[in-house]
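S.K.: My questions concern the predicted model and sequence given below.
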Amino acid sequence: TYQCSDYFFEQQQQQESTSSGAATPQHVDAECRYKMADWCFQVVDFCKFNRETVSISMSFLDRYLSTPTGASRCLSSKKEFQLAAMTALYTAVKINEPEAMDPKVIAGLSRGVYTEEQVTDMELSILNSLKWRMNPPTALSFVRAFFQLLPTKSIPESVQEAAFELTRFQTELAISDYQYCSCKASTIAVAALLNSFEGLEHQLSLKTLPKQFLQEFVTMMNVQNVNELQQVQNALYASISKANDSGKLPSKFSETTTSSLQKKKQEQQQKNTEAIAQQSSPRSIRDQGTMVTAGCMQ
């Protein structure tokens, strides 16, 4: 119900099947989506809203673009795509925040590109296309639930807090990155949680969280595709590394934690290279970086 397809790949396939031989440029791509997600975070932070609202808005957008209406209307037009992204945030704020944003605000943020009527029309299109399923589970909501299952009495509170913050940071990285688009929110949550405790092993000097528990945790979560989980873990490792290289990794995540994550990444990649190569996986994970850069919100 709340999953979306790899709509950029599907659009590319459709273009190739209908092309007469000449390459058809793809007007909207993963980079364009990233810029709109980043813009949403800026708006939410400025308004002091919950950053999880961006996760909900991007779920609206991704699922809308997975429908025939959304794909035909937005994937070939940056202007319509941008309107859909802005409207998705407007709707998510209306549903989840104590104060709603007026359509005038969205029209103003667009610097006059869109009118109030266009915003409300797009909202109705999104609502109808999603059949009014507007309460998607987020990766962070799963993280909160998973933390309730941990043996907290045997884990120092400081480690719990550090693990939660590092896990939440990974879920926010996943929001902006299209490669996680077709992954289940629960899979992202489990992968981020495992990464966090692996990265904080140097703080668990009392061996308070045995690896056996993490293995049992994965089994308890009924993860049906372990290779996909490992792929998401590795992708999140890479996302943390990228954030660190660009200076976006919060300073509260120590250098020791970062280096530990990198060591785990290398170990896991080496151990699973052959298995992953043989396992089919979501193209949104496999084919990152294949799209042409677009210039939304410039």
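M.R.: Done, it's in.
S.K.: show me where the stretch 51-200 of the chain has helices.
M.R.: 52-65, 68-74, 78-96, 103-109, 116-129, 139-147, 157-176, 185-199 (DSSP state H, counting those that start in this stretch).
S.K.: Go through those and name the closest to residue 241.
M.R.: Smallest distance to residue 241 across the helices of the stretch 51-200 of the chain (C-beta to C-beta): 10.6 Å, for helix 157-176. C-beta coordinates here come from the backbone N, C-alpha and C atoms, glycine included.
S.K.: Format the CA atom coordinates belonging to that closest one as PDB.
M.R.: The C-alpha trace of helix 157-176 is given here as PDB (Å, rounded to 0.1, in the frame of the first residue of the first chain):
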ATOM      1  CA  GLU A 157      21.700   5.400  28.600                       C
ATOM      2  CA  SER A 158      24.500   7.400  26.800                       C
ATOM      3  CA  VAL A 159      25.000   4.600  24.300                       C
ATOM      4  CA  GLN A 160      21.200   4.300  23.800                       C
ATOM      5  CA  GLU A 161      21.000   8.000  23.000                       C
ATOM      6  CA  ALA A 162      24.000   7.900  20.700                       C
ATOM      7  CA  ALA A 163      22.700   4.900  18.900                       C
ATOM      8  CA  PHE A 164      19.300   6.500  18.400                       C
ATOM      9  CA  GLU A 165      20.700   9.700  17.100                       C
ATOM     10  CA  LEU A 166      23.100   7.900  14.700                       C
ATOM     11  CA  THR A 167      20.200   5.800  13.500                       C
ATOM     12  CA  ARG A 168      17.900   8.800  13.000                       C
ATOM     13  CA  PHE A 169      20.700  10.500  11.000                       C
ATOM     14  CA  GLN A 170      20.900   7.600   8.700                       C
ATOM     15  CA  THR A 171      17.100   7.500   8.100                       C
ATOM     16  CA  GLU A 172      17.300  11.200   7.200                       C
ATOM     17  CA  LEU A 173      20.100  10.500   4.700                       C
ATOM     18  CA  ALA A 174      17.900   7.800   3.200                       C
ATOM     19  CA  ILE A 175      15.000  10.300   2.800                       C
ATOM     20  CA  SER A 176      16.900  12.500   0.300                       C
END
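S.K.: Would you mark the buried spots in it?
M.R.: Within helix 157-176, the residues that qualify as buried are 159, 162-164, 166-176, counting by 16 or more other C-beta atoms under 10 Å.
S.K.: same thing with stretch 39-47?
M.R.: 39-41, 43-44.
S.K.: my guess is residue 166 meets residue 200, correct?
M.R.: Yes. Using C-beta atoms under 8 Å, residue 166 and residue 200 qualify as a contacting pair, with a distance of 7.2 Å.
S.K.: avg pLDDT for stretch 67-77?
M.R.: Average pLDDT, stretch 67-77: 93.
S.K.: ok so, going back, can I get the helices of the stretch 51-200 of the chain in JSON lines including distance to residue 16?
M.R.: Converted to JSON lines, these look like this (distance: least, C-beta to C-beta, whole Å):
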{"stretch": "helix 52-65", "distance to residue 16": "18"}
{"stretch": "helix 68-74", "distance to residue 16": "15"}
{"stretch": "helix 78-96", "distance to residue 16": "20"}
{"stretch": "helix 103-109", "distance to residue 16": "35"}
{"stretch": "helix 116-129", "distance to residue 16": "25"}
{"stretch": "helix 139-147", "distance to residue 16": "32"}
{"stretch": "helix 157-176", "distance to residue 16": "27"}
{"stretch": "helix 185-199", "distance to residue 16": "29"}
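S.K.: Good, wrapping up.
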